[in-house]
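>>> sharing a model that was predicted from the sequence below.
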Amino acid sequence: GKLACRLLQSKWQKSVQDFTVVRNAIEHKSIPAIQQLQHRAFLLHWGLFLQFSASSEVVQLDIFGDRYYLNAMENSAPWMLRYYAVSVILFNRRKNMAIEDLRKEIRHLKYSFQDCFTNFMQELYDAFDYTKAQMSLKDCVSAMENDFFLCAFADKFKQQARLLLCEVYCQLNRTVSLAALAEKLELTEDEAERWVV
């Protein structure tokens with residue numbers, strides 16, 4: 001209750017403290033495993049308020065990478081994979097390792113959940129299909145504009161996703177023409193040159 005009240009009051013730093021207290025209580029109290037799984041799934045949902053708050057540059061949770069919470073996501077809330085993907089693209093500082101973990105989860109949960117965010121990652125990293133990845137990116141930006149948690153991050157997400165597209169494209173191609181890169185990023189050549197610089 002305290003965590004919910006502080007989230008509603010936008011007291012982000014105190015909410016993080018309460019979040020940590022609740023998380024520790026879930027992990028260290030002797031409760032049945034099914035209840036623990038349910039509590040973790042609820043905490044994942046509450047964590048969205050912190051992860052994607054106005055102060056998310058200051059407050060960053062690494063809850064999605066925790067194996068117990070991945071288990072809760074797999075068994076109780078596969079739709080949280082969307083937020084895991086966005087979180088990795090937007091905030092993760094250890095991006096290469098996090099992307100690899102995310103790709104494993106996407107492949108593992110493909111049977112129960114797919115959306116434009118997971119499709120973007122699969123098309124970019126598994127199929128190397130830049131055209132489909134670009135179409136998924138458009139769908140992602142459109143979906144973000146209608147998502148309560150993600151709507152404030154649509155521009156930043158588009159920028160970071162384009163950066164991923166550029167990185168993967170440049171890693172796989174020995175030489176890269178600016179015109180081809182501009183086409184992949186859906187920019188003019190002048191915009192692409194400025195963007196790359």
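Received it, and whenever you're ready, just let me know what you need. Computed from a prediction, not measured in an experiment: that's the story for all the values here. Numbering: from 1, shown residues only.
>>> just want the most central residue of this protein.
In the chain, the C-alpha closest to the average C-alpha coordinate belongs to residue 86, at a distance of 2.1 Å (CA atoms, centre = their mean).
>>> could you measure it against residue 154, distance?
When distance is defined by CB to CB, to the nearest Å, residue 86 is 10 Å away from residue 154. Just so you know, the C-beta spots here come from the backbone N, C-alpha and C atoms, and that holds for glycine as well.
>>> between these two, which contacts overlap?
With contacts defined as CB atoms under 8 Å, 6 or more residues apart in numbering, the residues adjacent to both residue 86 and residue 154 are residue 144.
>>> so which helix or strand takes in the residue nearest to the centre of the chain?
In this structure, residue 86 is located in helix 81-91 according to DSSP states H and E.
>>> cool, residue 149 as well?
With DSSP H and E as the criterion, residue 149 is inside neither a helix nor a strand.
>>> quick check on residue 186: phi, psi?
In terms of degrees, to the nearest 10, the main-chain angles of residue 186 are phi 60, psi 50.
>>> verify the stated contact: it with residue 134.
Yes: contact criterion CB atoms under 8 Å: residue 186 and residue 134 qualify, at 6.3 Å.
>>> helix, strand or coil: sort out the residue lying farthest from the centre of the chain for me.
The centre of the chain is farthest from one residue, residue 30, which by CA atoms, centre = their mean lies 31.2 Å away. Secondary structure of residue 30, reduced to three states by DSSP: H, G, I helix; E, B strand; the rest coil: coil.
>>> please tell me how far it sits from residue 161.
When CB to CB is the yardstick, residue 30 and residue 161 sit 43 Å from each other.
>>> how close does residue 85 get to residue 11?
Following CB to CB, the distance that separates residue 85 from residue 11 is 28 Å.
>>> neighbouring contacts of the helix or strand containing residue 45?
Secondary structure here is read from DSSP H and E; on that basis residue 45 sits in helix 33-51. Contacts of helix 33-51 from elsewhere in the structure, counted by CB under 8 Å, 6+ apart, are 3-4, 7, 12, 15-16, 19, 22-23, 26, 31, 56, 59-61, 63-64, 68-69, 71-73, 75-77, 80, 83, 87, 91, 149.
>>> which of the residues you listed fall in helices?
Among those, the members found in helices (DSSP state H) are 3-4, 7, 12, 15-16, 19, 22-23, 26, 68-69, 71-73, 75-76, 83, 87, 91.
>>> weed out the non-buried ones from the residues you listed.
Among these, those scoring as buried are 3, 7, 12, 15-16, 19, 22-23, 26, 69, 72-73, 76, 83, 87, 91 (criterion: 16 or more other CB atoms under 10 Å).
>>> which of the residues you listed sits closest to residue 142?
Looking at these and their distance to residue 142, the nearest is residue 83, at 16.7 Å (CB to CB).
>>> nearest residue to that closest one other than its sequence neighbours?
Take residue 83 and drop its neighbours on the chain: the residue closest to it by CB to CB, 6 or more residues apart in numbering is residue 48, 6.0 Å away.
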